[in-house]
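have a look at this prediction, sequence included:
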Amino acid sequence: MYSDDNRFPCNPFCRGNFLSAFLSISLVFFLSGACSKESREEVQRPKVVVSIKKSGPEKPRPSVVKKTAADERKQQEAAKVKEGHYKVRKGDSLLNISARQDVYGDPMKWPSLYRLNMNGLSGMEITKGFPAVALPEGLELKFVTTAKASEELNKMGRDIWVVNVHSSETSEQIVPAAITLMKKGYCVYITTAEVGGKGWIRLRSGFYGKRQTADAAGKEIMSILEISDAWVAKIGETELEEYGGY
């Protein structure tokens, strides 16, 4: 029979290994428990979110611009300008006002401006270069709008006669004669033509529905201007549409 010591022989090396293994396993369990506890505490810990307001540059307050009495007067005057009216600016003349796209878009239509505003322009000296002379600043001039010109044109017949008053290569004779006739109540206009390779400026009086009426007007015009070379002509559709309503 074996004694207890013989059944379980005591090997010092085996006992040492067994003890080391036991301690290693105990250490692993201890550490794993600690880690799991830390991670649980980390998950359960509430997060506090603090909003941080960024302080940006202050927005500039809109500056208050005080209107002067002169500014208010200008606004009131601008509001008074109605359709078919133009307020003369510094340096304006009949030529450059007529050339404006918001008026006639053609400097040769200056007689229409003069005829409609003779009372306001009566104090000005009439010279050969009068259409280019600066007008009084602030003067309000009437002009025929495109809509009004179309309306007047529709009232006319298609057979229109005119009196050719002057044909000249320059406007020196044209201007005084045009103003004289407008003061007498004639409707005149200025057009251009090329004849024999030369450019001509034509002063014409219109618009007459019959040849006999145009002939009678021609005789009166020649008597007023003391000329003898005026002649009567029947104008085409293009010239009628260009000047008939003005």
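Good, I have the coordinates.

assign a three-state SS to residue 240, would you?
helix (DSSP: H, G, I helix; E, B strand; the rest coil).

what sits against it?
For residue 240, the contact set (C-beta atoms under 8 Å, 6 or more residues apart in numbering) comprises 153, 156, 158, 160, 207. For every residue, glycine as well, the C-beta is placed using N, CA and C.

okay, and residue 151 sits in which element?
Taking DSSP states H and E as the criterion, residue 151 maps to helix 146-155.

which residues touch that helix?
Residues contacting helix 146-155 (C-beta under 8 Å, 6+ apart): 84, 144, 240, 241, 244, 245, 246.

redo that, cut-off 6 Å
244, 245, 246 (C-beta atoms under 6 Å, 6 or more residues apart in numbering).

leaving out chain neighbours, which residue sits closest to the last one?
When the adjacent residues along the chain are set aside, residue 246 lies closest to residue 112, with 4.4 Å between them (C-beta to C-beta, 6 or more residues apart in numbering).

now do the strands in this protein.
85-87, 140-142, 161-168, 187-195, 198-208, 231-234 (DSSP state E).

give me whichever of the ones you listed is most buried.
strand 161-168 (a mean of 21; mean count of other C-beta atoms under 10 Å).

pLDDT weak spots in this protein?
The chain contains residues with pLDDT under 70 at 1-67, 70-81.

neighbours around residue 111, how many?
For residue 111, the count of nearby residues is 24 (other C-beta atoms under 10 Å).

and it, what is it in contact with?
Counted by C-beta under 6 Å, 6+ apart, residue 111 has contacts 178, 188, 189.

give me that answer again for 8 Å
Residue 111 touches 178, 182, 188, 189, 190, counting by C-beta under 8 Å, 6+ apart.

what do you get for residue 167?
193, 200, 201, 202, 203.

ok, now residue 128?
171, 172, 175, 176.

so the third one makes contact with residue 131?
Think residue 175. Yes: Residue 175 lies in contact with residue 131 (C-beta atoms under 8 Å); the separation is 6.4 Å.
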